[in-house]
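In: pasted the sequence and its predicted model underneath.
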Amino acid sequence: MFNTLGALLALLLAAGGQDESHDRAMAELKPAVEKADKVFAELRQALLTRLTAELTQGGALTALSACHDAAPEITRRVLITEGIEVGRTSHRLRNIHNRPPEWAADHVADAAGRPAADVQPLIVDLGDRVGVLRPIPTLAMCTTCHGPDDRISPDIQETLTALYPDDRATGFSEGDLRGWMWAEVPKPR
């Protein structure tokens with residue numbers, strides 16, 4: 001799976017080394033990274049559109065239910081239409097099925113508790129695929145369900161407990177690193 005060469009390349013890419021081998025490696029990975037970024041933008045837009053509509057029409061509880069149902073549905077659609085695996089993860093999971101991929105786990109853990117603006121994305125050569133990890137900042141609208149526990153309304157807290165019994169994805173403030181979007185994109189042949 002994640003090999004020593006991949007680990008070395010991940011460190012080189014994360015460190016931002018600008019030598020010739022780095023430039024060659026980035027050029028080879030660029031099409032896959034661009035595809036991942038395109039998919040991330042589409043996912044972000046689809047989720048924000050859905051959540052904004054639900055917030056406007058039905059309020060926070062409706063938006064929470066929509067997020068619970070829509071995120072996995074949108075993710076499955078991307079796998080089917082784009083042929084790449086994508087997901088969301090965090091150092092404080094709401095859904096236990098959203099654990100980070102092995103290649104991303106250390107980076108996710110190392111960035112825990114930092115402002116989103118202070119963390120770097122990660123690009124990893126996985127052999128036949130490219131792993132791409134991009135930070136998700138906490139937006140103001142996210143704090144309704146992901147904010148400090150004492151500021152989450154009792155009805156939202158009750159619904160969160162029902163939907164996610166092991167929820168740890170609260171306590172965030174606007175601008176915090178709430179999590180990550182990840183993708184594994186096949187390399188072009």
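Out: In hand now; what should we look at? Source: prediction; values computed, not measured.

In: tell me how far the spatially closest residue to residue 171 that is not a sequence neighbour lies from residue 138.
Out: Closest residue in space to residue 171, ignoring its immediate chain neighbours: residue 148 at 5.7 Å, by Cβ to Cβ, 6 or more residues apart in numbering. The C-beta positions use only the backbone N, C-alpha and C, and glycine is treated the same way. From residue 148 across to residue 138, the span is 11 Å (Cβ to Cβ, to the nearest Å).

In: spit out the residues that contact these two alike.
Out: 172-173 (Cβ atoms under 8 Å, 6 or more residues apart in numbering).

In: can you give me the helices in the chain?
Out: 4-15, 20-58, 60-82, 102-110, 143-146, 154-163 (DSSP state H).

In: among those, show me which one is buried the most.
Out: Mean neighbour count (mean count of other Cβ atoms under 10 Å) peaks for helix 143-146 among the helices of the chain, with a mean of 21.

In: contact partners of that one?
Out: Everything outside helix 143-146 that qualifies as a contact, by Cβ under 8 Å, 6+ apart, is 60, 63-64, 67, 94, 138, 151-153, 156, 160, 169-174, 178.

In: equivalent analysis for stretch 172-180, please.
Out: 88-92, 100, 104, 108, 111-119, 133-140, 142-143, 146-148, 169.

In: distance between the ends of it?
Out: Terminal residues of stretch 172-180 lie 14 Å apart, using Cα to Cα, to the nearest Å.

In: any weak-confidence spans in the chain?
Out: 1-19, 21-22, 25 (pLDDT under 70).

In: mind running it again at 80?
Out: 1-26, 66, 75, 78-79, 188-189 (pLDDT under 80).

In: what's the distance between residue 131 and residue 159?
Out: Taken as Cβ to Cβ, the span from residue 131 to residue 159 is 33 Å.

In: return the residues in contact with residue 67.
Out: 47, 50-51, 54, 145.

In: what's near enough to touch residue 132?
Out: Here residue 132 is in contact with 32-33, 36-37, 40, 121-124, 182-185 (Cβ under 8 Å, 6+ apart).

In: and if we set it to 7 Å?
Out: By Cβ atoms under 7 Å, 6 or more residues apart in numbering, the contact set of residue 132 is 33, 36, 123, 182-183, 185.

In: distance check, residue 51 against residue 183.
Out: 21 Å.

In: please apply the same query to residue 125.
Out: 14 Å.
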